[in-house]
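Chemist: next come a sequence and a model predicted from it.
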Amino acid sequence: MKRRIVLGTYVLSSGYYDAYYLRAQKVRTLIRRDFLEAFEGVDAIVTPTAPHPAFRLGEKANDPLRMYLEDIFTLSCNLAGICGLSVPCGFTTATPRLPIGLQFLGRPLGEPTLLRLGAAFQAATDWHREVPPVAR
C-alpha cells in the first residue's frame, strides 16, 4: 500500500500531471465505456477475484510485483466506477486447501442485483460455510 501511495504522489507531482494523470484519465474513460457497453446485454459479469488461488501468509512478501498483480481483477471496479462483489467459490486441491474467489461485476449503482446474485450463489453452494485451515 505504501508503494502505491508513493507512486500516486509521484505521478501527481508537478511536471508529471500531463504525462501520466491526463493519459490515465483517458484510459479510465475507455475502460468505463467498454463496461457500460457490456452491461447493455448482460446484468453482470463473472470473473475470478484473483489470477491465482490464495497463497500462504508471507509467501509472496518478497515479490512486490506479484503481490501487486494479485488484485488486478478487482481494480476494474474502481477504474470503471462500477460495483463488484466477491464470494468464496472453492478451494485448491493441494494441501493446505486455500480459498478461491469469484467476483460479480455490475452496472454503476447495481449493488441490489449483485447482492441477489451473491445470495443465489451462496444458496446453491456451501463454499461460504467452509473455513480454510489457516483460519482454524
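Modeler: All right, it came through fine.
Chemist: now do the strands in this structure.
Modeler: Assigned by DSSP state E, the chain shows strands spanning 44-48, 83-91, 99-106.
Chemist: got the CA positions of the last one in PDB?
Modeler: Listed in PDB are the C-alpha atoms of strand 99-106, where the atom choice follows Å, rounded to 0.1, in the frame of the first residue of the first chain:
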ATOM      1  CA  PRO A  99      -9.600 -20.400  -0.800                       C
ATOM      2  CA  ILE A 100     -10.600 -19.300  -4.400                       C
ATOM      3  CA  GLY A 101     -12.800 -16.300  -5.000                       C
ATOM      4  CA  LEU A 102     -15.400 -15.500  -7.600                       C
ATOM      5  CA  GLN A 103     -16.300 -11.900  -8.500                       C
ATOM      6  CA  PHE A 104     -19.600 -10.500  -9.800                       C
ATOM      7  CA  LEU A 105     -19.300  -7.100 -11.600                       C
ATOM      8  CA  GLY A 106     -22.300  -4.900 -12.100                       C
END
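Chemist: for the record, mean pLDDT for that strand?
Modeler: Mean per-residue pLDDT for strand 99-106: 95.
Chemist: report the central residue of the protein.
Modeler: Note on the chain: the residue nearest the mean C-alpha position is residue 74, at 1.3 Å, using CA atoms, centre = their mean.
Chemist: show me the residues around it that make contact.
Modeler: Taking CB atoms under 8 Å, 6 or more residues apart in numbering, we find residue 74 in contact with 49, 50, 84, 86, 103. In short, each C-beta sits where N, CA and C put it, glycine included.
Chemist: tell me the confidence at it?
Modeler: 90.
Chemist: ditto for residue 55
Modeler: pLDDT, residue 55: 76.
Chemist: touching, it and residue 98? I think so.
Modeler: Yes: counting by CB atoms under 8 Å, residue 55 touches residue 98, with 6.9 Å between them.
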